[in-house]
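Participant: Model the following, please.
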Amino acid sequence: MKKISCIIPAYNEEKGIGDVLFVVVPLIGKYLHEVIVVDDGSSDKTKQIVKSFSGADYIEHPKNMGKSKTIADGIRAARGDFIFMLDADLKFLNEKNIRDILYPIEQNISDVSISMRKNSWPLFPFKKIDYLSGERILPRFCFMEKIAEMELLPSYGLEVFLNKIIIKNKLSITVVEWKNVENNFSQDKRGIWKGSRVILGVWSDILCTISIFEMYYQNIKLIQLIKKNKNINPKISLVIPAFNEEKYIGACLDSVIKNSQGIFFELIVVDNASTDNTKKVAEGFSEVRVVYEGDKGLTKARQRGLDASKGDYVAYIDADTVMPENWSEILLDLINKDKRAVAFSGPYVYQNVSSLKKYIVWVYWNVLARISYFFTGYMMVGGNFVVKRDAILKIGGFNKNISFYGEDTDIARRLSKVGRIIFKRRFYILTSDRRFEGEGFVSTGWKYIINFLAISLRGKPFTNNYKDIR
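Facilitator: Below is the predicted model of the structure:
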């Protein structure tokens with residue numbers, strides 16, 4: 001995780017700063033290195049509100065010194081490698097907005113990340129960039145030789161001054177749309193007369209920093225620096241449930257690290273009350289985080305992984321699977337082709353089975369599964385699917401009352417009510433044939449089919465008991 005310091009300038013912000021801190025303070029250590037509030041001589045209850053949030057650092061000016069000086073002091077106190085400027089008067093801000101603006105920096109997509117709020121300034125954005133946005137993330141080095149110069153700026157000349165630095169250094173930009181977020185205009189906070197005077201002061205400060213010609217020039221140059229990448233890789237967490245998987249988990253993780261091409265934000269193994277060396281093997285991979293779920297059960301382990309993950313998408317594979325070389329490439333292609341879809345899945349390709357069994361499985365996926373997918377609109381394989389976090393949270397997560405058979409059909413059926421589910425044969429994963437060997441090929445196939453039908457028709461599985469085969 002990159003060290004990102006969030007600096008919030010505040011002057012008489014008692015009405016809004018509590019809502020902003022409620023969102024960002026819990027993210028310290030998770031997404032943010034620190035949150036620093038610089039109180040620019042407030043005479044209201046701003047200080048008391050900030051002090052009520054443990055974890056936020058507080059700097060106080062004895063009198064009002066202006067936004068530029070306030071940010072400069074915040075930068076001096078910051079310890080991060082990136083500076084995240086965040087206004088204190090934002091309405092409807094949520095955690096996803098913060099994750100969205102941090103993501104281009106965390107994933108090295110661009111040098112700078114700038115918000116485009118719902119009510120961004122309408123005069124110069126051209127619907128592409130808000131060059132006066134108060135929410136932006138820049139590398140710390142941009143400020144280090146400029147802090148003294150920043151302190152001498154007019155109070156509201158900071159953003160256009162920072163634009164000069166971005167343009168001079170040719171820093172790439174990602175514009176992050178915050179379609180739900182608004183800021184309080186001065187007229188809303190201070191009334192029409194006083195607010196209008198403040199707005200005139202803002203434009204006066206801007207024109208003292210740059211000319212009208214430079215305003216247009218900055219917009220044009222900033223738009224040219226916007227990262228032209230429509231297919232930005234989403235933040236994806238990978239979760240692997242594991243009960244006594246010491247035999248398979250190492251090969252599974254080897255394939256993930258080798259073939260995932262770095263698309264995963266995090267790799268999580270859920271140790272589901274294992275009694276063997278599963279945890280030890282998984283912890284041998286420095287890229288992996290192991291979490292524990294003591295209540296044995298596949299859906300319980302899946303839910304534990306969901307709760308522990310942070311990605312906007314959560315991918316699930318089984319511990320006895322092997323990820324093919326093009327798995328991640330296909331996934332990103334599917335996501336970027338249909339951003340409205342809520343889940344993606346594909347079939348198993350069984351290893352070490354006879355030619356006859358391979359043919360029967362081929363018929364199943366190409367005939368029976370296609371017919372089922374056509375009529376139901378959903379199809380998912382529990383050991384190979386990716387789901388949008390917002391969608392799975394919306395349906396209440398996994399059904400812990402289902403022990404094993406039909407759990408993937410249940411989640412697919414419920415997800416289909418909130419969005420499209422994409423099932424593609426090319427998005428396959430390799431898996432072991434251990435259940436075929438342990439329970440028989442025909443018996444296993446029958447259980448999968450009958451439980452798919454049972455979940456689809458009556459909402460609960462036909463088979464309640466299952467056998468652990470290791």
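
Participant: Can you give me the neighbour number for residue 60?
Facilitator: As a burial measure, residue 60 scores 15 neighbours (other C-beta atoms under 10 Å). For glycine as for every other residue, the C-beta is placed from the backbone atoms N, C-alpha and C.

Participant: In contact with it, which residues are there?
Facilitator: Neighbouring residues of residue 60 by C-beta atoms under 8 Å, 6 or more residues apart in numbering: 38, 39, 41, 47.

Participant: any idea which element the last one lies in?
Facilitator: The reference is to residue 47. helix 46-51 (DSSP states H and E).

Participant: Figure out the helix or strand that the closest residue to residue 368 other than its chain neighbours lives in.
Facilitator: Nearest residue to residue 368, sequence neighbours excluded (C-beta to C-beta, 6 or more residues apart in numbering): residue 449, at 7.5 Å. Following DSSP H and E, one finds residue 449 within helix 441-458.

Participant: Residue 100 too?
Facilitator: Assigned by DSSP H and E, residue 100 falls in helix 95-106.

Participant: Give the next helix or strand downstream of that helix.
Facilitator: strand 112-117.

Participant: so what does that next one touch, helix or strand wise?
Facilitator: Packing contacts for strand 112-117, counted by 3 or more C-beta pairs under 8 Å, 6 or more residues apart in numbering; DSSP states H and E, involve helix 95-106, strand 136-139, strand 173-178.

Participant: Residues in contact with the shortest one: which ones?
Facilitator: Translated: strand 136-139. By C-beta under 8 Å, 6+ apart, strand 136-139 touches 4, 81-85, 101-102, 105, 111-115, 159, 162, 165-166, 171.

Participant: Give the buried subset of the residues you listed as a ChimeraX selection command.
Facilitator: One line in ChimeraX is enough to select the buried ones among the contacts of strand 136-139; burial here means 16 or more other C-beta atoms under 10 Å:
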select :4,82,83,84,85,101,102,105,111,112,113,114,115,159,162,165,166,171
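
Participant: Could I get the contacting residues of residue 224?
Facilitator: Contacts of residue 224 (C-beta under 8 Å, 6+ apart): none.

Participant: what about it, helix or strand, and which?
Facilitator: Assigning secondary structure by DSSP H and E places residue 224 in helix 212-225.

Participant: Quick one: work out the angle between that helix and strand 173-178.
Facilitator: Here helix 212-225 runs at an angle of 90 degrees relative to strand 173-178 (axes from the mean of the first three to the mean of the last three C-alpha atoms, to 10 degrees).

Participant: Would you mind identifying the next helix or strand past helix 212-225?
Facilitator: Counting by DSSP H and E, what follows helix 212-225 is strand 236-242.

Participant: Following element in sequence after that next one, please.
Facilitator: Following strand 236-242 in sequence, per DSSP H and E, is helix 249-259.

Participant: Output that following helix in CSV with nothing but the alpha carbons.
Facilitator: Provided in CSV are the C-alpha atoms of helix 249-259 (Å, rounded to 0.1, in the frame of the first residue of the first chain):
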residue,chain,number,x,y,z
ILE,A,249,-3.0,-25.3,-2.3
GLY,A,250,0.7,-24.8,-3.2
ALA,A,251,0.2,-25.7,-6.9
CYS,A,252,-2.9,-23.5,-6.9
LEU,A,253,-1.1,-20.5,-5.5
ASP,A,254,1.9,-21.1,-7.8
SER,A,255,-0.4,-20.9,-10.9
VAL,A,256,-2.1,-17.8,-9.6
ILE,A,257,1.1,-15.9,-9.0
LYS,A,258,2.5,-17.0,-12.3
ASN,A,259,-0.5,-16.5,-14.5
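
Participant: quick one: residue 305 is in a strand?
Facilitator: No: the assignment for residue 305, made by DSSP: H, G, I helix; E, B strand; the rest coil, is helix rather than a strand.

Participant: My guess is it contacts residue 267. True?
Facilitator: No: between residue 305 and residue 267 no contact is recorded; they are 10.6 Å apart, counting by C-beta atoms under 8 Å.

Participant: just how off-centre is the helix holding residue 224 within its chain?
Facilitator: In terms of C-alpha atoms, centre = their mean, to the nearest Å, the centre of helix 212-225 is set 30 Å apart from its chain centre.

Participant: Stretch 306-315 too?
Facilitator: Its chain's C-alpha centre and that of stretch 306-315 lie 8 Å apart, by C-alpha atoms, centre = their mean.

Participant: ok, so what distance separates residue 8 from residue 94?
Facilitator: 16 Å (C-beta to C-beta, to the nearest Å).

Participant: right, I mislabeled it, should have said residue 148
Facilitator: In terms of C-beta to C-beta, residue 148 sits 36 Å off from residue 94.

Participant: Neighbour count: those two, which is higher?
Facilitator: Per other C-beta under 10 Å, whichever of residue 148 and residue 94 has more neighbours is residue 94, with 14 against 8.

Participant: what's the pLDDT at the more buried one?
Facilitator: You'll see residue 94 listed with a pLDDT of 92.

Participant: Hmm, it is touching residue 24, no?
Facilitator: No: using C-beta under 8 Å, residue 94 is not in contact with residue 24, being 10.5 Å away.

Participant: quick revisit: any chance of the helices and strands packed on strand 112-117 in a markdown table, with distance to residue 64 too?
Facilitator: Output for the helices and strands packed on strand 112-117, formatted as a markdown table (distance: least, C-beta to C-beta, whole Å):
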| stretch | distance to residue 64 |
| --- | --- |
| helix 95-106 | 28 |
| strand 136-139 | 23 |
| strand 173-178 | 28 |
